[in-house]
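**Student:** okay, predicted coordinates and the sequence, questions at the end:
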Amino acid sequence: MNSHVNETVKSCNFHLQALRHIRPSITREVANTIACSLISSRIDYCNSLLIGVSELNLDKLQRVQNRAARIVCSAGRRQRSSRDLLAELHWLPVRCRIEYKMAVLCFKAFRQQQPPYLSSSIQQHIPQRSLRSSVAELLHIPRHKTVLGSRRFSVAAPRTWNSLPLFVRTVNNFTGFKTVLKTHLFRRFME
């Protein structure tokens with residue numbers, strides 16, 4: 001994934017440089033729209049594949065997002081923290097965006113059985129005896145021996161799903177699930 005991340009960072013930096021040049025002559029709302037369409041879309045492209053990727057690669061992508069936030073808010077390096085700027089713009093950090101995408105894919109595969117090739121790779125956890133966790137709507141995490149094996153959808157999706165609180169996992173409406181999930185991830189980021 002190193003080459004994918006490096007190409008994404010390179011492309012984003014090119015567009016951020018152009019945005020920085022025109023930033024004084026556009027409003028903050030327009031700058032935010034441009035940053036979301038050019039930068040966030042590139043960061044989000046195939047980001048579910050970035051689950052389990054090295055911290056070095058995630059930090060590269062996070063620096064790009066932080067730079068975009070600084071340009072949109074017209075903030076210098078020492079004026080405010082990147083965390084405050086992301087919160088002000090209501091942008092999830094890269095790690096949360098990856099978790100969000102994986103949870104959304106898992107919801108579609110588990111609840112809506114779509115797409116079939118993904119839904120066939122996950123199974124609901126059924127305990128051997130009746131426990132309180134029987135109603136927790138947990139998914140079975142298959143065994144794996146390698147780090148690469150832990151990044152498979154059949155392992156990473158149930159792990160992400162099971163890490164969500166019960167009130168998020170039990171939402172049945174897709175639109176409601178995305179709203180509750182983003183709110184949960186944003187609150188966790190702000191803690």
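**Tutor:** Cool, the structure landed.

**Student:** outline the domain layout of this structure.
**Tutor:** 2-91, 97-190 (automatic domain parsing).

**Student:** CSV for those domains, including mean neighbour count and mean pLDDT?
**Tutor:** From N, CA and C alone the C-beta is placed, and that goes for glycine too. What follows is the domains of the chain, written out as CSV (neighbours: other Cβ atoms under 10 Å; pLDDT from 0 to 100):
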stretch, mean neighbour count, mean pLDDT
domain 2-91, 16, 93
domain 97-190, 15, 89
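
**Student:** from Pro142, how far out is Gln112?
**Tutor:** To Pro142, Gln112 is 21 Å away according to Cβ to Cβ, to the nearest Å.

**Student:** that should have said Lys101, apologies.
**Tutor:** 21 Å.

**Student:** hey, which helix is longest across this structure?
**Tutor:** Secondary structure assigned by DSSP state H gives helix 2-22 as the longest helix of the chain.

**Student:** how about residues contacting it?
**Tutor:** 31, 34-35, 38-39, 42-43, 45-46, 49-50, 53, 57, 60-61, 63-64, 67-68, 71 (Cβ atoms under 8 Å, 6 or more residues apart in numbering).

**Student:** one more: stretch 23-31?
**Tutor:** Contacts for stretch 23-31 (Cβ under 8 Å, 6+ apart): 19, 34, 71-74.

**Student:** start to end distance for that stretch?
**Tutor:** 7 Å (Cα to Cα, to the nearest Å).

**Student:** also stretch 11-30?
**Tutor:** 20 Å.

**Student:** repeat that for stretch 145-164.
**Tutor:** Stretch 145-164 end-to-end distance (Cα to Cα) = 24 Å.

**Student:** ok so, going back, and the contacts of stretch 23-31 as CSV, adding distance to Gln128 and secondary structure?
**Tutor:** Converted to CSV, these look like this (distance: Cβ to Cβ, whole Å; DSSP: H, G, I helix; E, B strand; the rest coil):
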residue, distance to Gln128, secondary structure
Leu19, 56, helix
Ile34, 54, helix
Ile71, 55, helix
Val72, 52, helix
Cys73, 53, helix
Ser74, 59, coil
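
**Student:** right, and out of those residues, which lies closest to Arg169?
**Tutor:** Val72 (33.3 Å; Cβ to Cβ).

**Student:** now the nearest residue to the closest one once chain neighbours are set aside: how far from Arg77?
**Tutor:** Spatially, and ignoring its direct neighbours in sequence, Val72 is nearest to Ala31 (4.6 Å; Cβ to Cβ, 6 or more residues apart in numbering). Separation of Ala31 from Arg77 (Cβ to Cβ) stands at 18 Å.
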